[in-house]
Each structure stands twice: as C-alpha cells, then as structure tokens.
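**Q** no sequence on this one, just coordinates:
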C-alpha cells in the first residue's frame, strides 16, 4: 500500500489542538455515523468497547467543544451536533483522513511533542486566523 | 545605550510573558504557565539590570539578577521536559 | 564581577540551562517544521554563549558593548520569530 499523502496543515492543527485521544475521535465518528440516533453513554461505551467511565469522559469532552448535543426529548441522550458549519466540515475531512490514513492520524493524536509545540507556538499568534 | 537596549529586552520579554500567560488563561495548558513565568522572570531580570545602574547605586543586584535568570530558564526547561499531555 | 564569588558558577548554570532550552526548542522545530522554534532556539543559544563570555571576563559587567549587543541579538531573534510567525498568515 502506498503511503498516504501528508495531512494538510489546518487538519493537522485541528487534530493537535482539538482531538485529545483516539476514543474521543472514535466516539465522534460513531455519533456522526448515525446522526439521527440518540445515544446514551452506555451505548457509546459498548460500541467502542471501553469502560463507561471512559465513555462518559469522552462524551463530556465532545459536549464541551460543541460537537455533540443533548437530545431534545431526553437530555441524558446525545446526538452528533457540530456547533457550526466550519466545524462540521473539518470533522468530515477528519473522518475521511482517518479512513484513508488511520495510522497517520493516530500517530498525530499521540504525538506529545508536536502537540506541545503547537500549543506553545499558537500563543504567539497576535490575531486569530493567523 | 546599554540601558536602552536592556529596556527593549525587558519589553520583549514582557510581550512574550503576556502572550503566553494570556494563552494559558484561555487554554489552561500548563506548559504555557511555566514558560510565561520564565519570561516574567526574564523581564524582571532585564528591569533590574537597568535599575542596578540608575536607581540602586549602592546595592549590588548582581547576585539577585543571576539567581532570577537561572530560576527563569530552569522553569522553562523543567516545564518543557515534564509537561505531559492532559 | 558583580554577583560575588558565585557569579561564574551561576553564569555557567544559566548558560547550560539556556543551551538545553535551545535544544528543546529545536526538537519542537524538528517535529513541527515551524521556523518559529528555530529562531527561538537560536535566541537561547546566543544568550548561552553570552553568559559564557561574561563568565570568562570577570571585569565585565553588562555595560560592555559586546554584552549588550549580543543580548540585543538574542532578543531581536525573539522579535523576528514573533514577527515571522504573524506575517505569513499560515502556520
């Protein structure tokens, strides 16, 4: 299999700054895969084969960044709900990149040095969007 | 001349400290706290250098300045080495 | 030398710590490709060399031109790094 093309800069930045772990990403893609379905934390835990505590943490993190929303009918359930179109587009690209280059994306998620470097360098951006 | 340059250095360090601590306030990444404090120390180091000559003529702030500089850079190095992913 | 008998040791310690900081910044440069870290690392390396020079010249306090010009270079590199990062719009 030929090596996948390197990830584009903005997607790399998104992964480094916004995707803290692989369970987070898998939960995100899980919910995105069935946007009409309202998930419970227990269901997410079962689908990902992780302990419920892990799933709860991941789901909370997804809520905090505006990727999932509580269901209108039952607030204990959640569904995929990106807070704006730009975020939705980025997640779509991320999903595709993960499909095509799982190892590359996973390595980036676990790359602590790059993560810290990005956080440090981002502090020196004087204006947003730079 | 020397004082003008060290004042400029102090302002540069202050800018770095401000940017890093502002980012820490927003993101809570501890690496930014340690490095921000490092630049606070370097700002103080340069300020003391300017004052050493102008204001405190009788006191020798040399030792204090060296300890401050050492502490600041150590804070940065230890921060970068020990900061783990949250 | 101002700073008393501990000054040479402290200067050496500062130089060493600054050198390590430079190496850590260059590790960030290597892993991220961001030129910002190359410049920041260079800044700390220059200051490390400055401190070594100060230790070798006990009569020197920071009023010597060599010392403040080198420090100007070191901090100038930081300013260039920040300017460069914000100029390009990407990265």
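**A** Good, I have the coordinates. Bear in mind that the values here come from a model prediction, so they are computed numbers and not experimental data. Numbers count the residues shown, from 1 in each chain, chains lettered A, B, ... in the order given.

**Q** How about chain A: which residue is closest to chain B?
**A** Per Cβ to the nearest Cβ, residue A:123 is where chain A lies closest to chain B, at 3.4 Å. Glycine gets a C-beta too; all of them are placed from N, C-alpha and C.

**Q** Make sure I have this right: residue A:36 is in a strand.
**A** No. Applying DSSP: H, G, I helix; E, B strand; the rest coil, one finds residue A:36 to be coil, outside a strand.

**Q** thought it was touching residue A:80?
**A** No. Counting by Cβ atoms under 8 Å, residue A:36 stays clear of residue A:80, with 9.2 Å between them.

**Q** so who does whichever residue of chain C sits closest to chain A touch?
**A** Distances between chain C and chain A by Cβ to the nearest Cβ are smallest at residue C:28, namely 3.8 Å. Contact partners of residue C:28, counting by Cβ atoms under 8 Å, 6 or more residues apart in numbering or on different chains, are A:113, A:116, A:117, A:120, A:121, C:34, C:37.

**Q** Torsion angles phi and psi at residue C:63?
**A** Here is the backbone geometry of residue C:63 (degrees, to the nearest 10): phi -90, psi -10.

**Q** measure it to chain B for me?
**A** Using Cβ to the nearest Cβ, to the nearest Å, we find residue C:63 at a distance of 5 Å from chain B.

**Q** Just the strands from chain A, written as ranges.
**A** Along chain A, counting by DSSP state E, strands occupy A:68-70, A:78-80.

**Q** Please spell out the segments of chain B that come in under the pLDDT threshold.
**A** B:53, B:55-59, B:84-86 (pLDDT under 70).

**Q** Can you tell me which residues in it are near chain C?
**A** Contacts of chain B with chain C, taken as Cβ under 8 Å from any Cβ of the partner chain, map to B:1-2, B:5-6, B:8-9, B:12-13, B:15-16, B:19, B:49, B:52-53, B:60-63, B:65-67, B:69-70, B:73-74, B:76-77, B:80-81.

**Q** The residue of chain B found nearest chain C: neighbouring residues, count only.
**A** Nearest residue of chain B to chain C: residue B:62, at 3.0 Å (Cβ to the nearest Cβ). Counted with other Cβ atoms under 10 Å in any protein chain shown, residues neighbouring residue B:62 total 20.

**Q** swap in the one 4 residues further on?
**A** Residue neighbour count, defined by other Cβ under 10 Å, stands at 25 for residue B:66.

**Q** so it touches residue C:8, yeah?
**A** No. Using Cβ under 8 Å, residue B:66 is not in contact with residue C:8; the gap is 10.0 Å.

**Q** who's more crowded, residue A:36 and residue A:80?
**A** residue A:80 (21 against 6).

**Q** which residues touch the residue nearest to that one when sequence neighbours are not counted?
**A** Nearest non-adjacent residue to residue A:80, counting by Cβ to Cβ, 6 or more residues apart in numbering or on different chains: residue A:31, 4.1 Å away. The contact partners of residue A:31, taken as Cβ under 8 Å, 6+ apart, are A:39, A:44, A:62, A:68, A:78, A:79, A:80.

**Q** Quick check: bridge partners of the last one?
**A** So that's residue A:80. Using DSSP bridges, the beta-bridge partners of residue A:80 come out as residue A:68.

**Q** what sits against it?
**A** With Cβ under 8 Å, 6+ apart, residue A:80 has these contacts: A:28, A:31, A:32, A:34, A:35, A:67, A:68, A:69.

**Q** Only the buried subset of those residues, as a PyMOL command please.
**A** Entered in PyMOL, the line below selects the buried ones among those, by 16 or more other Cβ atoms under 10 Å in any protein chain shown:
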select buried, chain A and resi 28+31+32+67+68+69
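
**Q** and of the contacts of residue A:80, the nearest to residue A:56?
**A** Within the contacts of residue A:80, the smallest distance to residue A:56 is 12.5 Å, found for residue A:68 (Cβ to Cβ).

**Q** isn't the closest one right up against residue A:81?
**A** Yes. The pair residue A:68 / residue A:81 is scored as a contact, 5.7 Å apart, by Cβ under 8 Å.

**Q** list the contacts for the residue sitting nearest the centre point of chain A?
**A** Geometric centre of chain A, nearest residue: residue A:25, 4.1 Å, by Cα atoms, centre = their mean. Applying Cβ under 8 Å, 6+ apart, we find residue A:25 in contact with A:19, A:94, A:98, A:105, A:109.
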